[in-house]
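Engineer: next comes the sequence, and after it the predicted model I'd like to discuss.
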Amino acid sequence: GEAFPVVKDLSVDRSAFDRIIAAGGDVSVNCGGTPDGNASPVPKVAADSRELRHRHFKTAQVPVGGSPTLHRTLLLFNDEVSMAIVHADHVDKHFFRNAQADEIFYVTKGNGPLETPFGRIAFVDGDYLVIPRGIIYRLVFDPSAGPLTLLVIESRGMVRTPRRYRTEFGQMQEVAPFSE
């Protein structure tokens, strides 16, 4: 078969974690990622951080258009996390991999499947999607039903479920309010 195109290919070595997880274990330390010589950081203009002020982000006024992965509008950021919004009006032909951060999507509007090498996961309005760094994915949706609106949070640290919802081996408990 034909290989799918990857827009952003950054290398991450998670083989040590894969062996621990395959053995039924859990990793609770943030070991960071493998440095990447080809990474080109996107410059972000920092606001004056001497004071905190209430803000009203009028995200409905962000222009509609573009890709769910390539046309995000940055709202807030610091050294550990960034938050963006996207109103995508077309499905990516490419797959995407973020090797610098775990991603959390809150689906404000839209539905379809999230395609990964592990299979397809259906999403609808109000769902959260957590994609660990290094996972190749593509968000598929029906553009004729309107734009796919996502709140995107990128975290340099590992996104984890609270310990109270996991067993001692890291598996989800039945009382967890969400599923794996």
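Structural biologist: Thanks, I have it. In this text, all values refer to a predicted model and were calculated from it rather than measured experimentally.

Engineer: I'd like the next helix or strand past the worst-scoring helix or strand of the chain on mean pLDDT.
Structural biologist: Least confident helix or strand, the chain: helix 15-22 with a mean of 62, by mean pLDDT, DSSP states H and E. Later in the chain than helix 15-22, the nearest helix or strand by DSSP states H and E is strand 73-77.

Engineer: can you list the strands that that following strand pairs with?
Structural biologist: strand 81-88 (antiparallel) (DSSP bridges).

Engineer: what pLDDT, on average, does the strand it pairs with get?
Structural biologist: Strand 81-88 shows a mean pLDDT of 94.

Engineer: I'd like the next helix or strand past that strand.
Structural biologist: Next along from strand 81-88, by DSSP H and E: strand 96-97.

Engineer: pull out the buried positions in the next helix or strand after that next one.
Structural biologist: Counting by DSSP H and E, the next helix or strand C-terminal to strand 96-97 is strand 102-109. Within strand 102-109, the residues that count as buried by 16 or more other C-beta atoms under 10 Å are Asp102, Glu103, Ile104, Phe105, Tyr106, Val107, Thr108. For the C-beta atoms, the positions are set from N, CA and C on the backbone; glycine is no exception.

Engineer: what bridges to the first one?
Structural biologist: In this structure, Asp102 has the following beta-bridge partners (DSSP bridges): Ser155.

Engineer: any idea how far it is from Met83?
Structural biologist: Per C-beta to C-beta, to the nearest Å, Asp102 is found 13 Å from Met83.

Engineer: remind me which residues of the protein are low pLDDT?
Structural biologist: 1-52, 178-180 (pLDDT under 70).

Engineer: about what we covered before: need the overlap of contacts for Asp102 and Met83.
Structural biologist: Residues touching both Asp102 and Met83 by C-beta atoms under 8 Å, 6 or more residues apart in numbering: Glu154.

Engineer: related to what we said a few turns ago, looking at the buried residues of strand 102-109, which is nearest Arg164?
Structural biologist: Nearest to Arg164 among the buried residues of strand 102-109 is Ile104, at 19.3 Å by C-beta to C-beta.

Engineer: may I have the distance across stretch 65-78, first residue to last?
Structural biologist: 26 Å (C-alpha to C-alpha, to the nearest Å).

Engineer: lovely, talk soon.
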